[in-house]
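Asks: Using only what follows, build the 3D model:
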Amino acid sequence: MIIKDILTKKNIGNSPEIPNSTKYRILTIYAFSFIMFGLLADTPSDIIKGLYRIIKEPGVLITDYIAIGGMGATFINAGVLTLVSIFILYRLKINIGGVSIASVFLMTGFALFGKNIANIWLIIIGAFLYAKTQKDKFSKYIYIALFGTSMAPTITEIMFSIKQPMIFRISLSIFIGLGIGFILPPLSAYLLRVHQGFNLYNVGFTAGIIGTVIVSVFRSYGFAPTSKLVWSTGNNVILGIFLTVLFVSMIVVGFYLNGKTFRNVRNIFSYSGRLVCDFVTLEGFGPALINMGVNGLIGMAYILLVGGDLNGPTIGGILTIVGFGAFGKHVKNMTPVLLGVFLGSFTKIWNINDPPILLAALFGTALAPIAGQFGWKYGMLAGFINSSVVLNVGVLHGGLNLYNTGFAAGIVAATMVPIIEALRKEEI
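Replies: Numbers count the residues shown, from 1 in each chain. Just a heads-up that it's a prediction; the model follows:
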């Protein structure tokens, strides 16, 4: 039994230390929950047909796989990719920490709208080849490889949208896919300096720049990938029930693993969230899991309260908040960002429940460290500004970077942080 694996009582936050094997089992159970939900949602024949449609779909932003392949195929795709991520980490003997959990849940979330069982591999292999050329262990770059699959739609866009012979499309897909994975590690390490860790989606910022370069070259040859909007509706009840069970279970399991207390959970709220802020290491796996469940409920409540839809993209955003609930986000630092987007709806030309704005709010919590470091007013301002920036940067990469808000957040953080620090210095 998972609970019986608790053996010792020491870590930095004085929470029960949870064996690595237990963490892997819990993550695996959550992966299988998506697969089970998918199997219950559709018939086997519909699931197979749906998976085929998902694989063939380029997947550029915003492509809701529920609308493309059906709910069953979409959730099985998400569950399988989650298992793949967990298996890779396991084979590399990774000790599960906050960044591990964030990378796994990001894979789960984006497997609902852009990543699939066919288009992620070239980028991962590219990062592996980079590790080999540097004579480093692949484990050093595995998180960048997993996060870097945000560029996966590039592979399917080339394979299925360019009007060229098959051999050319295959060769170009392989070259570009491996190339993306190969250059992500050095670029992401360098670009972290630009926003100084105040954008939690650093690889999204890096991928946005890479995507901008790739699309610029594409356009010079007459090929222009464009963003689109495929958006399912009408599933709030069934998906709301599934998510509620999922997030409540995290709180319950975390509570049990934490010695049947909420000890150290409040400590999480004291951290700014600025990279690198690993709640699992700092306060323990149990408190981090509780924080993840709370984050998920907040994200879901936000979507429902503003009249939005629970579907592939919005659940992807919610699961991103959940994953980073172990690596930088908590109610105190992300709520101001959500409020900033909400306030923007009163003065800007868009509605608060427009699809791009729903995603801007959820994914915009990448800027939570600004609120955590400088206060809620700056957090609200960051959300307010980012909701405008995110609507205009997608054209640069043509929707090929699934972490579009991470790209926008990097720009906003790089602009705001130096100004904030200068103003605060003058105040002192």
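
Asks: Mind listing what's buried along the lengthiest helix in the chain?
Replies: Secondary structure assigned by DSSP state H gives helix 166-195 as the longest helix of the chain. Within helix 166-195, the residues that qualify as buried are 169, 173, 176-185, 187-188, 191-192, 194-195, counting by 16 or more other CB atoms under 10 Å. C-beta coordinates here come from the backbone N, C-alpha and C atoms, glycine included.

Asks: Which residue ranges of the stretch 201-350 of the chain form helices?
Replies: 202-220, 236-257, 265-268, 279-283, 285-305, 312-323, 331-344 (DSSP state H, counting those that start in this stretch).

Asks: can you give me the helices in the stretch 51-200 of the chain?
Replies: Taking DSSP H, counting those that start in this stretch as the criterion, the stretch 51-200 of the chain contains helices spanning 65-91, 98-110, 121-133, 142-147, 152-161, 166-195.

Asks: The second one relative to helix 285-305, how many degrees between them?
Replies: If I follow you right, that is helix 98-110. 30 degrees (axes from the mean of the first three to the mean of the last three CA atoms, to 10 degrees).

Asks: ok, now the third one?
Replies: Taking the same axes, to 10 degrees, one finds that helix 121-133 is oriented at 150 degrees with respect to helix 285-305.

Asks: helices or strands up against helix 121-133?
Replies: Judged by 3 or more CB pairs under 8 Å, 6 or more residues apart in numbering; DSSP states H and E, helix 121-133 is in contact with helix 142-147, helix 152-161, helix 166-195.

Asks: Stretch 345-354 - what's its average pLDDT?
Replies: Here stretch 345-354 scores 91 as its mean pLDDT.

Asks: same deal with stretch 59-77?
Replies: Stretch 59-77 shows a mean pLDDT of 94.

Asks: Could you export it as CSV, CA atoms only?
Replies: Provided in CSV are the C-alpha atoms of stretch 59-77 (Å, rounded to 0.1, in the frame of the first residue of the first chain):
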residue,chain,number,x,y,z
GLY,A,59,-2.5,21.0,-33.1
VAL,A,60,-1.5,24.7,-33.4
LEU,A,61,-3.1,27.1,-30.9
ILE,A,62,-5.9,26.8,-30.1
THR,A,63,-6.9,23.2,-31.0
ASP,A,64,-9.2,21.4,-28.5
TYR,A,65,-8.6,17.7,-28.9
ILE,A,66,-12.0,17.0,-27.4
ALA,A,67,-13.6,18.7,-30.4
ILE,A,68,-11.2,16.8,-32.8
GLY,A,69,-11.1,13.3,-31.4
GLY,A,70,-13.8,13.1,-28.8
MET,A,71,-13.5,13.0,-25.0
GLY,A,72,-12.4,9.4,-24.8
ALA,A,73,-9.5,9.6,-27.1
THR,A,74,-8.4,13.0,-25.7
PHE,A,75,-8.2,11.7,-22.1
ILE,A,76,-6.5,8.5,-23.1
ASN,A,77,-3.9,10.6,-25.1
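
Asks: chain center to it, what's the gap?
Replies: On the basis of CA atoms, centre = their mean, to the nearest Å, stretch 59-77 sits 16 Å off its chain's mean C-alpha point.

Asks: Identify each buried residue in that stretch, please.
Replies: Buried-residue list, stretch 59-77, by 16+ other CB under 10 Å: 59-77.

Asks: So what does Gly259 have for phi and psi?
Replies: In terms of degrees, to the nearest 10, the main-chain angles of Gly259 are phi 80, psi 30.

Asks: now do Leu112
Replies: In this entry, Leu112 is assigned phi and psi values of phi -90, psi -10 (degrees, to the nearest 10).

Asks: Just list the residues touching Val389, thanks.
Replies: Residues in contact with Val389, defined by CB atoms under 8 Å, 6 or more residues apart in numbering, are Ala408, Ile411, Val412.

Asks: Who wins on neighbours among those residues?
Replies: Within the contacts of Val389, neighbour counts (other CB atoms under 10 Å) peak at Ala408, which reaches 30 neighbours.

Asks: where's that residue, which helix or strand?
Replies: Assessed by DSSP states H and E, Ala408 sits inside helix 404-427.

Asks: what angle do that helix and helix 312-323 make?
Replies: Inter-element angle recorded for helix 404-427 and helix 312-323: 50 degrees (by the same axes, to 10 degrees).

Asks: one step back: rebuild the helices and strands packed on helix 121-133 as JSON lines, extending it with mean pLDDT.
Replies: Shown next, in JSON lines, are the helices and strands packed on helix 121-133 (pLDDT from 0 to 100):
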{"stretch": "helix 142-147", "mean pLDDT": "95"}
{"stretch": "helix 152-161", "mean pLDDT": "86"}
{"stretch": "helix 166-195", "mean pLDDT": "92"}
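
Asks: Just put these in TSV and tack on distance to Gly296.
Replies: Shown next, in TSV, are these (distance: least, CB to CB, whole Å):
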stretch	distance to Gly296
helix 142-147	20
helix 152-161	24
helix 166-195	26
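
Asks: Tell me which of the ones you listed lies nearest to Phe110.
Replies: Among those, the nearest to Phe110 by CB to CB is helix 152-161 (8.1 Å).

Asks: angle of that closest one against helix 202-220?
Replies: Helix 152-161 runs at 30 degrees relative to helix 202-220, counting by the same axes, to 10 degrees.

Asks: Buried residues in helix 152-161, which are they?
Replies: Ala152, Pro153, Thr154, Ile155, Thr156, Glu157, Ile158, Met159.

Asks: Distance check, Asp42 against Glu157.
Replies: 27 Å (CB to CB, to the nearest Å).

Asks: now swap in Ala189 and tell me
Replies: Ala189 is 27 Å from Glu157, where distance means CB to CB.

Asks: can you check Gly69 too?
Replies: For Gly69, the distance to Glu157 equals 17 Å [CB to CB].

Asks: just Asn116 next, same as before
Replies: In this view, Asn116 and Glu157 are 13 Å apart by CB to CB.

Asks: what residues do the two have in common as contacts?
Replies: Listed contacts common to Asn116 and Glu157 are Gly59; contacts here mean CB under 8 Å, 6+ apart.

Asks: OK, contacts around Ser227?
Replies: Applying CB under 8 Å, 6+ apart to Ser227 gives the contacts Val60, Leu61, Ile62, Gly394, Val395, Gly398, Gly399.

Asks: so the fifth one is in which element?
Replies: This points to Val395. helix 376-397.

Asks: and the angle for that helix with helix 404-427?
Replies: Going by the same axes, to 10 degrees, helix 376-397 makes 140 degrees with helix 404-427.

Asks: Helix 376-397 vs helix 331-344, what angle?
Replies: Interaxial angle, helix 376-397 versus helix 331-344 (the same axes, to 10 degrees): 70 degrees.

Asks: could I have helix 376-397 exported to PDB, CA atoms only?
Replies: Presented in PDB, the C-alpha positions along helix 376-397 are these (Å, rounded to 0.1, in the frame of the first residue of the first chain):
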ATOM      1  CA  TRP A 376      -0.300  42.000  -4.900                       C
ATOM      2  CA  LYS A 377      -0.600  45.400  -6.700                       C
ATOM      3  CA  TYR A 378       2.300  44.600  -9.000                       C
ATOM      4  CA  GLY A 379       0.800  41.100  -9.500                       C
ATOM      5  CA  MET A 380      -2.500  42.600 -10.600                       C
ATOM      6  CA  LEU A 381      -0.600  44.900 -13.000                       C
ATOM      7  CA  ALA A 382       1.300  42.000 -14.400                       C
ATOM      8  CA  GLY A 383      -1.900  40.100 -15.100                       C
ATOM      9  CA  PHE A 384      -3.500  43.300 -16.600                       C
ATOM     10  CA  ILE A 385      -0.700  43.900 -19.000                       C
ATOM     11  CA  ASN A 386      -0.100  40.300 -19.900                       C
ATOM     12  CA  SER A 387      -3.700  39.800 -21.000                       C
ATOM     13  CA  SER A 388      -3.000  42.300 -23.700                       C
ATOM     14  CA  VAL A 389       0.500  41.100 -24.700                       C
ATOM     15  CA  VAL A 390      -0.600  37.500 -25.000                       C
ATOM     16  CA  LEU A 391      -3.200  38.300 -27.600                       C
ATOM     17  CA  ASN A 392      -0.500  39.800 -29.900                       C
ATOM     18  CA  VAL A 393       2.500  37.600 -29.700                       C
ATOM     19  CA  GLY A 394       0.900  34.400 -31.100                       C
ATOM     20  CA  VAL A 395       1.100  35.800 -34.600                       C
ATOM     21  CA  LEU A 396       4.900  35.800 -34.300                       C
ATOM     22  CA  HIS A 397       5.200  32.000 -33.900                       C
END
